[in-house]
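Asker: Just to be clear, the model below is a prediction. Sequence and coordinates:
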Amino acid sequence: MLEKIYTIPVNEVFDLCIEYPGEGCPFCRLYRKLENDEIEIILGASMMEPDIRIKTNELGFCGRHFDLMLERNNRLGLALILESHLNEVREFCEPGGFLGARTNAIPDKLSKLGSTCYVCDRINGNFSKMLENAVYLYDTEQEFRDKVKNSPYFCLPHYSEFLTSAKAHMNKKRVPDFQKALAETVNKYFDELRGDVSHFCKKFDYRYENEPWGNSKDSVERAIRFLSGDRRLKLEKPKKNEKL
């Protein structure tokens, strides 16, 4: 069942990225907001809730989200989470610690622990709902179809996820139009980016040293964000005049 409450933040972030093109992919901005919110929540009052502590003890956190929690300067909150989590991991190894009777099972347990993260699970669950809401909005509202068309771009990972979600949830008659509109938005930016990266490379050739940089100075960073998603650690304030 579609939870339409997510249509509000989806619309807001598409509006933001159209007004501030430097924000780039709307879904990257959505993901970073979800990530920021989850970090704030887990280091707040929820870290003391027994049901949440059970889950964080079980799943742990990935390295990226440990880094983000460290950045919040709430070392006591993080230490309380770690104290409980470390005790959980150590208890599994009893008796005898890492040389105990369960030694043969330890690699599988630690491998599983290394691939799970409480924050990632929370973000991915909410993000999939936002993708589904974006599909619903495109399917039902001309205004949102215009927003997709006017978005700065969609990074390749979220382009793929948007297409996949549409295939699963969109009215089948609407899908071809959706695919075409989305491809036009992505291809336009793709071609501009390729040109900027090529010009950046040329600027290191003495024959082009007197040519202006144009939009190529930050093309390497933008290409990485386009290919793999915008994973900047901080949710920065948008800059109105920032170019893509």
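Answerer: Noted; the coordinates are in hand.
Asker: how about the helices in this structure?
Answerer: Remark: helices assigned in the chain by DSSP state H are 7-19, 26-42, 50-59, 63-71, 75-93, 106-114, 118-140, 142-150, 156-169, 175-202, 219-228.
Asker: Mind putting the ones you listed into JSON lines with mean pLDDT and mean neighbour count?
Answerer: For glycine as for every other residue, the C-beta is placed from the backbone atoms N, C-alpha and C. Below are the helices of the chain laid out as JSON lines (pLDDT from 0 to 100; neighbours: other Cβ atoms under 10 Å):
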{"stretch": "helix 7-19", "mean pLDDT": "95", "mean neighbour count": "17"}
{"stretch": "helix 26-42", "mean pLDDT": "95", "mean neighbour count": "20"}
{"stretch": "helix 50-59", "mean pLDDT": "91", "mean neighbour count": "14"}
{"stretch": "helix 63-71", "mean pLDDT": "93", "mean neighbour count": "15"}
{"stretch": "helix 75-93", "mean pLDDT": "87", "mean neighbour count": "14"}
{"stretch": "helix 106-114", "mean pLDDT": "76", "mean neighbour count": "12"}
{"stretch": "helix 118-140", "mean pLDDT": "96", "mean neighbour count": "19"}
{"stretch": "helix 142-150", "mean pLDDT": "97", "mean neighbour count": "15"}
{"stretch": "helix 156-169", "mean pLDDT": "97", "mean neighbour count": "17"}
{"stretch": "helix 175-202", "mean pLDDT": "96", "mean neighbour count": "15"}
{"stretch": "helix 219-228", "mean pLDDT": "96", "mean neighbour count": "16"}
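Asker: In JSON lines, list those along with distance to P212.
Answerer: Shown next, in JSON lines, are the helices of the chain (distance: least, Cβ to Cβ, whole Å):
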{"stretch": "helix 7-19", "distance to P212": "27"}
{"stretch": "helix 26-42", "distance to P212": "29"}
{"stretch": "helix 50-59", "distance to P212": "51"}
{"stretch": "helix 63-71", "distance to P212": "37"}
{"stretch": "helix 75-93", "distance to P212": "47"}
{"stretch": "helix 106-114", "distance to P212": "48"}
{"stretch": "helix 118-140", "distance to P212": "37"}
{"stretch": "helix 142-150", "distance to P212": "27"}
{"stretch": "helix 156-169", "distance to P212": "29"}
{"stretch": "helix 175-202", "distance to P212": "9"}
{"stretch": "helix 219-228", "distance to P212": "14"}
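Asker: N210: which of those helices is closest?
Answerer: Checking those against N210 by Cβ to Cβ gives helix 175-202 as the closest, at 11.6 Å.
Asker: what angle separates that closest one from helix 156-169?
Answerer: Counting by axes from the mean of the first three to the mean of the last three Cα atoms, to 10 degrees, helix 175-202 points 180 degrees away from the direction of helix 156-169.
Asker: Nearest to E209, out of the helices of the chain?
Answerer: Proximity to E209, assessed across the helices of the chain by Cβ to Cβ, is greatest for helix 175-202 (9.6 Å).
Asker: where's N11 relative to C62, distance?
Answerer: 30 Å (Cβ to Cβ, to the nearest Å).
Asker: That should have said V10, apologies.
Answerer: Applying Cβ to Cβ to V10 and C62 gives a distance of 25 Å.
Asker: just R53 next, same as before
Answerer: As for R53, its distance to C62 is 18 Å (criterion: Cβ to Cβ).
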